[in-house]
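Undergrad: I would like to see how this sequence folds:
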Amino acid sequence: MRTEDLVGSLAGEVRPVRRLSSPPVRLLAWLALSLPWIALVVWYRGPRTDIALKIGEGIWLFEQSLALMTALAAGLAALCASIPGRPVWERVLPLLPLGLWLAIIVVGSIRSVVAGGAWSSLVQVDWVCLPNIASLGVVPAIAMIAFIRRGAPVSPYTTIGYAALAATALGEFGLRFFHAQDASLMVLVWQIGSVALLTVICIFFARYLFPWRIDVRTVSG
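TA: The predicted structure follows:
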């Protein structure tokens, strides 16, 4: 087939497509779907009895703010990564709030250890964190994957990693409204640990979640 005929046949089969909204707009849509689910789960489980006192604690509010900022930054990075040609710096953006979030919790853990009596908190089993964060993050995760699948994630592992981090960080944000465990070591091991574990599990299944991906053998052939 001549090149002119090939171009003509391809042009004749072109169908109009709807352009994707910008990542910030899709991030707002993701929040509009996710936050009601978080609020519903918190309402169903019942807010913690000391929630009024916690809202007045600066360190608790700061940790919650960093968790929410991590979720938003990771969600934005995932949506940007699903569009080829976007700047690479967008994929580094979530590392700042994530690093600050981890640093605050680690510093709190060190202070509690120095103060004494913190290791008893560390050895306590708190398996409910994992299923709670998973249940809180399931709707945000499904919504984020649905948004990403409309794009072209050329880096599926990075994309799904940030998508999972966004969903689980938002889940951890909601968890602390009804789960009364605030010891820094417990938060670091069981809550942040659950976020990390769920994120890694999602990354493992990245190649199966996206139907659009580049086949190196096809391109090289």
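Undergrad: Next, count neighbours for the residue lying closest to Leu68 once chain neighbours are set aside.
TA: In space, and not counting its chain neighbours, Leu68 is closest to Phe173: 5.2 Å by C-beta to C-beta, 6 or more residues apart in numbering. (Glycine included, C-beta is placed from N, CA and C.) With neighbours defined by other C-beta atoms under 10 Å, the count for Phe173 comes to 23.
Undergrad: which residues does Phe173 contact?
TA: By C-beta atoms under 8 Å, 6 or more residues apart in numbering, Phe173 lies in contact with Ile38, Gln64, Ala67, Leu68, Ala71.
Undergrad: go with 10 Å
TA: By C-beta atoms under 10 Å, 6 or more residues apart in numbering, the contact set of Phe173 is 35, 38, 63-71, 133, 136-137.
Undergrad: Mind checking which of the residues you listed are buried?
TA: Buried residues within these, counting neighbours by 16 or more other C-beta atoms under 10 Å: Ile38, Glu63, Gln64, Leu66, Ala67, Leu68, Met69, Thr70, Ala71, Ile133, Leu136, Gly137.
Undergrad: Off-centre distance for whichever helix or strand the fifth one is part of?
TA: Read that as Ala67. Using DSSP states H and E, Ala67 sits within helix 58-81. Counting by C-alpha atoms, centre = their mean, to the nearest Å, helix 58-81 is centred 8 Å from the centre of its parent chain.
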